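Visitor: The following comprises the amino acid sequence and a computationally predicted model.
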Amino acid sequence: MSGSKQITAIKGMNDILPPASARWEWLEDVVRRVMAQHAYRNVRTPIMELTQLYTRGLGEVTDIVEKEMYAFEDRADQHGRADHLALRPEGTAGLVRAVAEHNLLYDGGKRLFYMGPMFRRERPQRGRYRQFHQIGAEALGFGGPEVDAELILLAVALWRELGLTGWRLELNSLGQPDERREHRAALVAYLQAHHDQLDEDARRRLHSNPLRILDTKNPAMQALVEGAPKLLDYLGEASRRHFAAVQAILAAAGVSWHINPRLVRGLDYYNLTVFEFVTDRLGAQGTICGGGRYDYLIEQIGGKPAPAVGWALGVERVLELLQEEGVHTLEPVPDAYAIIPDAAALPQAMRCLQQLRALGVAVQMHAGSGEGMGSMKSQFKRADASGARHALIFGADELAAGEVTVKALRDGAGAQLRQPLAQPDAWADILKSTA
Ligand code: HAM
């Protein structure tokens with residue numbers, strides 16, 4: 001091979017390698033446990049969908065659909081027809097598609113969760129990647145405020161189980177479409193009256209998506225946005241009651257929140273309750289989890305109308321916040337490291353190792369370079385580096401006696417015991433790590 005240029009990963013798309021991957025596995029385990037406690041069940045949908053699922057579902061003028069989707073035309077079939085496909089930028093639309101397609105709500109509401117990679121062509125920076133991972137929880141077929149509250153409490157339970165403390169809950173209500181229309185008319189009139197103060201982005205959005213103007217990061221527009229008509233003032237009786245009921249449940253559960261009237265979320269499918277869990281400890285990308293109610297999305301993508309609510313958290317951001325907060329997780333280490341001085345011992349040694357593994361012992365076997373097994377010294381060095389608490393020595397002496405040496409590597413300062421090779425069930429338990 002000559003010196004060809006090294007191929008690297010795509011910008012904004014990360015490899016997740018040991019030891020960091022152990023933290024991912026730990027987090028996923030905690031999530032599975034908390035989801036099970038709340039009776040949410042796992043779903044897995046494809047990573048690609050028809051592009052129109054997202055243009056219809058997320059809103060044509062959202063940043064995601066306008067500029068961030070990895071969308072392309074598939075190869076044409078034999079009739080010359082080609083599908084427009086997109087890598088999923090989020091999980092809700094695909095899940096809703098699946099729920100509608102398989103008529104999952106025929107016998108009542110469903111509580112579901114998913115984990116997996118999402119793709120957005122954003123400018124990569126800390127906490128913002130082009131392939132990132134979401135864990136999402138969605139409850140479909142339930143219209144009451146208790147499920148909004150249940151989902152928020154589910155997230156809070158998850159933070160507690162993870163040991164995460166540096167977050168704040170922001171809440172808002174986006175009301176119903178007719179209430180939004182009325183507010184929108186008032187908002188557009190207000191913004192038009194201050195047209196000279198709008199930046200380019202805001203002017204472009206004035207008629208397509210004026211609500212998003214309230215979300216502006218432009219400091220020069222903050223005062224203008226502050227004084228704009230507030231959607232909360234346009235909510236009708238039913239919407240106000242729904243919002244109050246969510247808050248009453250949160251208060252009784254001892255969860256505190258801020259009402260943020262400017263919280264509008266970056267996707268168009270929301271109504272009534274919206275919320276975000278945010279932190280100041282991650283710089284600009286401080287939203288670790290966001291969601292809300294989306295009672296019209298199922299219908300919008302062609303399913304039977306049904307209410308729904310959910311959230312998704314950003315795994316990278318949650319892990320980074322855990323790191324910031326100094327939450328440590330244990331790295332997995334094998335219980336035992338098998339030292340095999342001579343390759344002739346391999347068949348017997350490996351048979352024993354398989355038996356030990358079947359008995360629940362985690363064993364790492366020494367492997368040679370291809371030219372022999374390596375010196376005892378180098379094998380012991382590897383055993384130490386593995387973090388295992390015991391070494392198993394399959395030496396010629398031992399095998400001749402039908403035995404294996406079990407040597408404590410960490411505690412017990414080098415205690416050695418010979419054990420019968422053929423009866424690993426008699427001694428497997430002493431290997432199992434108690435740490
Ligand atoms: P979202 O706010 O677009 O909502 O994304 C949810 C979370 O994903 C964010 O709060 C953030 O933690 C993480 N995230 C988003 N983009 C990136 C990125 N480029 N890099 C790293 N992390 C990112 C949704 O996607 C909705 N589907 C949530 C939902 C579920 N609403 C109802 N059900």
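Guide: Thanks, I have the structure now.

Visitor: Name whatever forms a beta bridge with the closest residue in space to Trp311 that isn't next to it in sequence.
Guide: Among residues not flanking Trp311 along the chain, Gly291 sits closest, at 2.6 Å (Cβ to Cβ, 6 or more residues apart in numbering). C-beta: built from backbone N, CA, C; applies to glycine. Beta-bridge partners of Gly291, counted by DSSP bridges, are Phe275, Trp311.

Visitor: burial measure for Gly291, as a count.
Guide: Gly291 is flanked by 26 other residues according to other Cβ atoms under 10 Å.

Visitor: I'd guessed it sits against Ala308; true?
Guide: No. Contact criterion Cβ atoms under 8 Å: Gly291 and Ala308 do not qualify, at 10.4 Å.

Visitor: from the stretch 101-250 of the chain, which residue is nearest to the ligand?
Guide: Nearest to the ligand in the stretch 101-250 of the chain, going by Cβ to the nearest ligand atom, is Phe132, at a distance of 3.4 Å.

Visitor: ugh, wrong one, I meant the chain
Guide: Gly314 (2.4 Å).

Visitor: tell me the phi and psi of that residue?
Guide: Note on Gly314: its backbone torsions stand at phi -90, psi 110 [degrees, to the nearest 10].

Visitor: Same question for the one 4 residues further on.
Guide: Listed backbone geometry of Val318 is phi -60, psi -40, with angles given as degrees, to the nearest 10.

Visitor: tell me the contacts of it?
Guide: Val318 makes contact with 27, 162, 164, 288-289, according to Cβ atoms under 8 Å, 6 or more residues apart in numbering.

Visitor: Can you check the pLDDT for it?
Guide: We have a pLDDT of 98 for Val318.

Visitor: how close does it get to Ala408?
Guide: Taking Cβ to Cβ, to the nearest Å as the measure, Val318 falls 38 Å from Ala408.

Visitor: looking at it, His84 is touching Met48, isn't it?
Guide: No. Contact between His84 and Met48 fails when scored by Cβ under 8 Å: they sit 10.7 Å apart.

Visitor: more neighbours, these two?
Guide: Remark: of His84 and Met48, Met48 carries more neighbours, 17 against 12, as counted by other Cβ under 10 Å.

Visitor: Tell me what the residue nearest to that one when sequence neighbours are not counted is bridged to.
Guide: Sequence neighbours aside, Leu85 is the residue nearest to Met48 in space, at 5.1 Å (criterion: Cβ to Cβ, 6+ apart). The residues listed as beta-bridge partners of Leu85 by DSSP bridges are Leu50, Phe72.

Visitor: was I right about Leu85 contacting Met69?
Guide: No. Using Cβ under 8 Å, Leu85 is not in contact with Met69; the gap is 10.1 Å.

Visitor: How many neighbouring residues does the residue nearest to Met48 have?
Guide: Using other Cβ under 10 Å, Leu85 is surrounded by 16 other residues.

Visitor: List phi and psi for His366.
Guide: phi -70, psi 130.

Visitor: What is the burial count for the closest residue in space to it that isn't next to it in sequence?
Guide: Setting aside the residues directly before and after it, His366 is nearest to Gln379 in space (Cβ to Cβ, 6+ apart), at 5.0 Å. Using other Cβ under 10 Å, Gln379 has 20 neighbouring residues.

Visitor: Flag every residue of the stretch 1-150 of the chain that's near the ligand.
Guide: Contacts of the stretch 1-150 of the chain with the ligand, taken as Cβ under 6 Å from any ligand atom, map to 90-92, 120, 122, 127-129, 132, 134, 136, 138.

Visitor: any idea where the strands of the stretch 1-150 of the chain begin and end?
Guide: Per DSSP state E, counting those that start in this stretch, the stretch 1-150 of the chain has strands spanning 41-42, 48-50, 71-73, 84-87, 110-119, 131-140. These are given in chain order.

Visitor: how about those strands in TSV, adding mean pLDDT and distance to Gln348?
Guide: Formatted as TSV, the strands of the stretch 1-150 of the chain follow (pLDDT from 0 to 100; distance: least, Cβ to Cβ, whole Å):
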stretch	mean pLDDT	distance to Gln348
strand 41-42	98	42
strand 48-50	98	49
strand 71-73	97	55
strand 84-87	98	50
strand 110-119	98	42
strand 131-140	98	43
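
Visitor: okay, those, which one's buried deepest?
Guide: Of the strands of the stretch 1-150 of the chain, the one with the most neighbours on average (mean count of other Cβ atoms under 10 Å) is strand 131-140, at a mean of 22.

Visitor: Sheet partners, orientation included, of that one?
Guide: strand 110-119 (antiparallel), strand 308-314 (antiparallel).

Visitor: Give me the buried positions along the shortest one.
Guide: Applying a neighbour-count criterion of 16 or more other Cβ atoms under 10 Å, the buried positions in strand 308-314 are 308-314.

Visitor: cool, and stretch 90-106?
Guide: 90-100, 104-105.

Visitor: count of residues packed around Val188?
Guide: Neighbour tally, Val188, other Cβ under 10 Å: 15.

Visitor: what about it, distance to Glu170?
Guide: 25 Å.

Visitor: partner residues bridging Arg41?
Guide: Beta-bridge pairing of Arg41 under DSSP bridges involves Leu112.

Visitor: Contacts only, for it.
Guide: For Arg41, the contacting residues are 35, 110-113, by Cβ under 8 Å, 6+ apart.

Visitor: Would you check which pair of the residues you listed lies furthest apart?
Guide: Comparing all pairs in the contacts of Arg41 by Cβ to Cβ, the longest separation belongs to Met35 and Lys110, at 13.0 Å.
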